[in-house]
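Undergrad: What shape does this take:
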Amino acid sequence: MISFENVGMRYGMGGEVLSDITFRLERGSFHFLVGPSGAGKTSLLKLLYLARRPSRGLIHFFDKDLARIEREELPRLRRRIGVVFQDFRLLDHLSAFDNVALPLQIKGAKRIQIADHVEELLSWVGLKDRMHARPATLSGGEKQRVAIARAVINKPDLLVADEPTGNVDPEMAMRLMHLFVELNKIGTTIVIASHDQHLVETIGAPVLSLDKGNMTYLAGGKPRDPDPDETGAQP
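TA: Numbering: from 1, shown residues only. Presented below is the predicted three-dimensional model:
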């Protein structure tokens, strides 16, 4: 579904933060993205959710050459991507419910469908009693869960997540990973940037490793769904 070939990226006139990045993401695959701070993980994620274009190299995205995609096409392509930002990027004037509902509203879903799906998902991530709260009244972990619910509510073709479990306790982290694995099972391609080595080893998915802007690929198997007994989650 996505391929990078000798991709480089720089900001302004500075040096390259990504150099000769080459990899492929098959449709329905699941990968972790790892590396030390400053390795270029956030920059690579920006390329994956179409927030930036590369300085050089070739990227094919949903069978399209990114260099030939017209600017007018980008919003339509971005609607196929769910993003979990490290800084959440919730809309402060909207409740948790309305933040999560936004992708469905943009898609034109019926009001009753929106209500059912949003309430079910917020309940599943432990926010049933906070769905009408605004972001300013939520803790960091609660904001994180709202951001994740918003990213997955639309069952995107691609989910890109930057440290999605960084603000939650280990039990909730595994519960959220169960959600990602289930989403992957129905066809969503997933890339998760994480510093949590235990989480990466527990799930067992293939790993893309960045160091000083260079990438290596570490093999792995299919992602292992966390044991519901570990998470308190129901299949």
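
Undergrad: neighbours around the closest residue to residue 179 other than its chain neighbours, how many?
TA: Closest residue to residue 179 apart from its sequence neighbours, by C-beta to C-beta, 6 or more residues apart in numbering: residue 152 at 6.6 Å. C-beta here means a position set from N, CA and C on the backbone, and glycine is covered the same way. By other C-beta atoms under 10 Å, 25 other residues sit near residue 152.

Undergrad: starting at the chain centroid, how far to the helix ranked longest in the chain?
TA: Ranked by residue count, the top helix of the chain under DSSP state H comes out as helix 170-185. Distance of helix 170-185 from its chain centroid, counting by C-alpha atoms, centre = their mean, to the nearest Å, is 12 Å.

Undergrad: helices or strands up against the following helix or strand past that helix?
TA: Going down the chain from helix 170-185, the next helix or strand is strand 189-193, by DSSP states H and E. With contacts taken as 3 or more C-beta pairs under 8 Å, 6 or more residues apart in numbering; DSSP states H and E, strand 189-193 sits against strand 30-34, helix 41-48, strand 158-162, helix 170-185.

Undergrad: what about residue 223, is that helix, strand or coil?
TA: Classification of residue 223 by DSSP: H, G, I helix; E, B strand; the rest coil places it in coil.

Undergrad: still on that earlier bit, right, and the helices and strands packed on strand 189-193 - which one's nearest residue 142?
TA: helix 170-185 (10.3 Å; C-beta to C-beta).

Undergrad: And residue 91, what's its pLDDT?
TA: Residue-level confidence at residue 91 comes out at 96, pLDDT.

Undergrad: Compute the number of surrounding residues for it.
TA: Residue 91: 12 surrounding residues under other C-beta under 10 Å.

Undergrad: Leaving out the residues flanking it, which one is nearest to it?
TA: Per C-beta to C-beta, 6+ apart, closest to residue 91 is residue 99, 5.7 Å.

Undergrad: State the distance from the one you found to residue 182.
TA: Counting by C-beta to C-beta, to the nearest Å, the gap from residue 99 to residue 182 is 21 Å.

Undergrad: And the two? Which one has more around it.
TA: More neighbours surround residue 99 than the other of residue 99 and residue 182, with 26 against 14 (other C-beta under 10 Å).

Undergrad: ok, that one to residue 184 distance?
TA: In terms of C-beta to C-beta, residue 99 sits 23 Å off from residue 184.

Undergrad: Please apply the same query to residue 29.
TA: On the measure of C-beta to C-beta, residue 29 and residue 184 end up 8 Å apart.

Undergrad: Now do the same contact list for residue 150.
TA: Counting by C-beta atoms under 8 Å, 6 or more residues apart in numbering, residue 150 touches 82, 90, 99, 100, 102, 103.

Undergrad: ok, now residue 26?
TA: By C-beta under 8 Å, 6+ apart, residue 26 lies in contact with 1, 189.

Undergrad: Which residue is the nearest non-sequential neighbour of residue 144?
TA: Spatial nearest neighbour of residue 144, chain neighbours left out: residue 167 (4.3 Å); criterion: C-beta to C-beta, 6+ apart.

Undergrad: Please consider this matter closed, and thank you.
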